[in-house]
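Novice: Everything below, folded, please.
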Amino acid sequence: MCGRYTIFTEPQRLMERFRAEWPEGPWQPRYNAAPTQSLPVLLNDGTRRIRLLRWGLIPHWAEDPAIGNRLINARAETLTQRPSFREAFYRRRCLVLADGFYEWQRAPHGRIPYWIGLKDREPFAFAGLWDRWEGPDGQVIESFTIITTAANERVAPIHDRMPVILLPEHEEIWLDESAGPAAWRAALRPYPADRMIAYPVSPRVNTPHADDPWIGLKDREPFAFAGLWDRWEGPDGQIIESFTIITTAANERVAPIHDRMPVILLPEHEEIWLDESAGPAAWRAALRPYPADRMIAYPVSPRVNTPHADDLTLIQPYPLP
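Specialist: Reported below is the predicted structural model:
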């Protein structure tokens, strides 16, 4: 099942990637796209215009549009067996634009959300179906569903199903009326696992109203480095207050990366470090490597090498070159 995904790639990049025009009007990046929202898709209508359709397929013959709440996904294996999807498979296929999706892994203490995407962080297209519904009062809703398939080796430890991510060479086949059912079915395969990444993210993703970049980071507690500070006054009266960070030998977590690390004070040592009465022996005892089993480490974007780069994407996990 695919019940949430992301589409935060800039419109200009999406237009270049899919060789299509962007709809007029403002665009809100989605870090937690959810059913019933209007999201970008490219239809097989030959226009090469990206459209915003409602997620949750409402078949044109439906009496009640609420049926779309139950049709956010369509299983690739049974598309032609389900009345809700059969006609759309033959006539109304679409590309659902995305750059990642979420799945939840069952664990003893609850479900753990993961963000899953491509190693190169490029946008891609889910295989989708779309329809146009007209109500008795003239209301028109264009909607879509995302096709799912069996999970590949990257996703299987998290969930047994995954959305169909079309290979770039299959995207035009999926939209091409002349390609035919056999070619369309052949495109509905699990994406190559070795081209994908997955990492745990904040449980805030469980809430559809939480839709910001911080969702992409697993919740972590702040801490304190041990530091020293001073106050400098210049001859012209200028005052600068400054600090330095104390370092120590690396622990087992950091040692494979570097032989030094900053002193992260244990919570019980923070007040000792600030306490004038504690004395030098107690202060020195606090300057120890932080316990390695309480830490994590992962590669991040090489953009961190540039001091002017200062945004959230810098600390998201990044594949090794």
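Novice: mind listing the helices for the stretch 201-321 of the chain?
Specialist: 267-274, 280-286 (DSSP state H, counting those that start in this stretch).
Novice: Any buried residues in the shortest one, and which?
Specialist: Spelled out, that is helix 280-286. Of all the residues in helix 280-286, those buried under the rule 16 or more other C-beta atoms under 10 Å are Ala286. For every residue, glycine as well, the C-beta is placed using N, CA and C.
Novice: repeat for the first one
Specialist: If you call a residue buried by 16+ other C-beta under 10 Å, then helix 267-274 has these buried ones: His269, Ile272, Trp273.
Novice: export the residues you listed to TSV and tack on distance to Arg132?
Specialist: Supplementary listing: the buried residues of helix 267-274 in TSV, determined by distance: C-beta to C-beta, whole Å:
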residue	distance to Arg132
His269	64
Ile272	68
Trp273	66
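Novice: need these in a markdown table with distance to Pro200 and pLDDT, can you?
Specialist: Putting those into a markdown table (distance: C-beta to C-beta, whole Å; pLDDT from 0 to 100) gives the following:
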| residue | distance to Pro200 | pLDDT |
| --- | --- | --- |
| His269 | 29 | 97 |
| Ile272 | 33 | 96 |
| Trp273 | 32 | 97 |
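Novice: so which of the residues you listed comes closest to Ala226?
Specialist: Distance to Ala226 across these (C-beta to C-beta) is lowest for Trp273, with 5.8 Å.
Novice: if we can go back for a sec, any idea which of the helices of the stretch 201-321 of the chain gets closest to Arg93?
Specialist: Taking C-beta to C-beta, helix 267-274 is the member of the helices of the stretch 201-321 of the chain nearest to Arg93, at 55.5 Å.
Novice: So which elements touch that closest one?
Specialist: helix 280-286 (3 or more C-beta pairs under 8 Å, 6 or more residues apart in numbering; DSSP states H and E).
Novice: just how off-centre is the helix it packs on within its chain?
Specialist: Distance of helix 280-286 from the chain centroid (C-alpha atoms, centre = their mean, to the nearest Å) equals 43 Å.
Novice: cool, stretch 113-128 as well?
Specialist: Relative to its chain's centre, stretch 113-128 lies at 8 Å (C-alpha atoms, centre = their mean).
Novice: What of stretch 25-42?
Specialist: 14 Å.
Novice: what's the answer for stretch 59-66, then?
Specialist: Distance of stretch 59-66 from its chain centroid, counting by C-alpha atoms, centre = their mean, is 31 Å.
Novice: which parts of that stretch are buried?
Specialist: Buried residues in stretch 59-66, counted by 16+ other C-beta under 10 Å: Pro59, Ala62, Pro65.
Novice: Return the mean pLDDT over stretch 255-266, rounded to an integer.
Specialist: Per-region confidence: stretch 255-266 scores 97 on mean pLDDT.
Novice: Not counting it itself, show me its contacts.
Specialist: 223-226, 245-251, 254, 273, 286-290, 297 (C-beta atoms under 8 Å, 6 or more residues apart in numbering).
Novice: at 7 Å instead, please
Specialist: Residues from elsewhere that reach stretch 255-266 (C-beta atoms under 7 Å, 6 or more residues apart in numbering): 223-226, 245-251, 254, 273, 286-287, 289-290, 297.
Novice: Selecting buried members of those residues in PyMOL, what would you type?
Specialist: To isolate the buried subset of the contacts of stretch 255-266 in PyMOL, counting by 16+ other C-beta under 10 Å, use the following:
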select buried, resi 226+250+251+254+273+286+289+290
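Novice: Return the distance of Ala182 relative to Gly138.
Specialist: Taking C-beta to C-beta, to the nearest Å as the measure, Ala182 falls 39 Å from Gly138.
Novice: hang on, the earlier thing: export the helices of the stretch 201-321 of the chain as TSV, with columns for distance to Thr78.
Specialist: Below are the helices of the stretch 201-321 of the chain laid out as TSV (distance: least, C-beta to C-beta, whole Å):
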stretch	distance to Thr78
helix 267-274	54
helix 280-286	62
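Novice: and Gly46, which of the ones you listed is closest to it?
Specialist: Ranking these by their distance to Gly46 (criterion: C-beta to C-beta) puts helix 267-274 first, at 62.2 Å.
Novice: I'm done for today, thanks for sticking with me.
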